[in-house]
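> Coordinates for the following, if possible.
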Amino acid sequence: MAAYFKVIAEGAALGFATGPYCAAACGPALLPWLLAFSEAGTARITALFLGGRLAAYAAAALAASFSGGYLEKAAGPQTAAFVSIASGAYMLAAFFVFRWQCRSGCERAAALRAGPLALGFMTGIAPCPPLAGAVIKAAGLPGPAALLMFGGFFAASSLFVLPAAALQPFLRSERAANIGRLTLAAMSVYLICAGLLKLL
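Below is the predicted model of the structure:
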């Protein structure tokens, strides 16, 4: 039991140390969504986003545990590029869904309901220094221990994302929503172009 607590503590320490980096990496995906679709509730959007990240971390934990070191080699620049393109494409699709198909009751559209969850998963699985550090720590650990380590990592790093849930009172205006939708489109183009440039 003590060994499991040690694993959780190691994951939490890594998550807390890299939390600001994680928040900065999540911001370009999460904040435009919060601005654009705040009528769905910022707490709900943030919870779904974190749920997607948790699913990504669970997948990474199991992959690290059973990959025999292969995951560290596979998670290179090309993987990051494809994740960036996929995230940007999803955000761009969400923008067009809102723009042409959801002029009323948009928050009920399936694509938009699933948006924060999908973006959370994609940003969570994207190769980055914090994730690489967690993968290295989890490599070779038995499945349950790897999951616990990533659980600690997720809990600590999420502390830097949770404040987004309290933004609801500041995002109620139509002007904020319009800015968010334009930012969503701009950020999606940026992510797609950044991913393509990494592949060149």
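> Sticking with residue 56, tell me its helix or strand.
According to DSSP states H and E, residue 56 maps onto helix 42-66.
> Equivalent analysis for residue 118, please.
helix 115-125.
> Now for residue 64, how many residues are close by?
Counted with other CB atoms under 10 Å, the neighbours of residue 64 add up to 27. All C-beta spots, glycine's among them, are computed from the backbone N, C-alpha and C.
> And for residue 143?
For residue 143, the neighbour count with other CB under 10 Å is 13.
> So it sits against residue 64, correct?
No. In this structure residue 143 lies outside contact range of residue 64 using CB atoms under 8 Å: 9.8 Å.
> Toward the C-terminus, what is the element adjacent to the helix or strand bottoming out on mean pLDDT in the chain?
Using mean pLDDT, DSSP states H and E, helix 70-74 stands out as the lowest-scoring helix or strand of the chain, at a mean of 54. Toward the C-terminus, helix 70-74 is succeeded by helix 77-96 as the next helix or strand (DSSP H and E).
> For that next one, which outside residues touch it?
Under the contact criterion CB atoms under 8 Å, 6 or more residues apart in numbering, helix 77-96 has outside partners 29, 32-33, 36, 111-112, 115, 118-119, 122-123, 125-128, 181, 184-185, 187-196, 198-199.
> May I see the buried residues of stretch 44-58?
Residues of stretch 44-58 classed as buried: 45-50, 52-54, 56-58 (neighbour count, 16 or more other CB atoms under 10 Å).
> ok now that stretch, how far from the chain's centre?
Distance of stretch 44-58 from its chain centroid, counting by CA atoms, centre = their mean, to the nearest Å, is 7 Å.
> Could you give the number of residues near the closest residue to residue 55 other than its chain neighbours?
Closest residue to residue 55 apart from its sequence neighbours, by CB to CB, 6 or more residues apart in numbering: residue 121 at 5.5 Å. Residue neighbour count, defined by other CB under 10 Å, stands at 21 for residue 121.
> gap between residue 82 and residue 60?
To residue 60, residue 82 is 16 Å away according to CB to CB, to the nearest Å.
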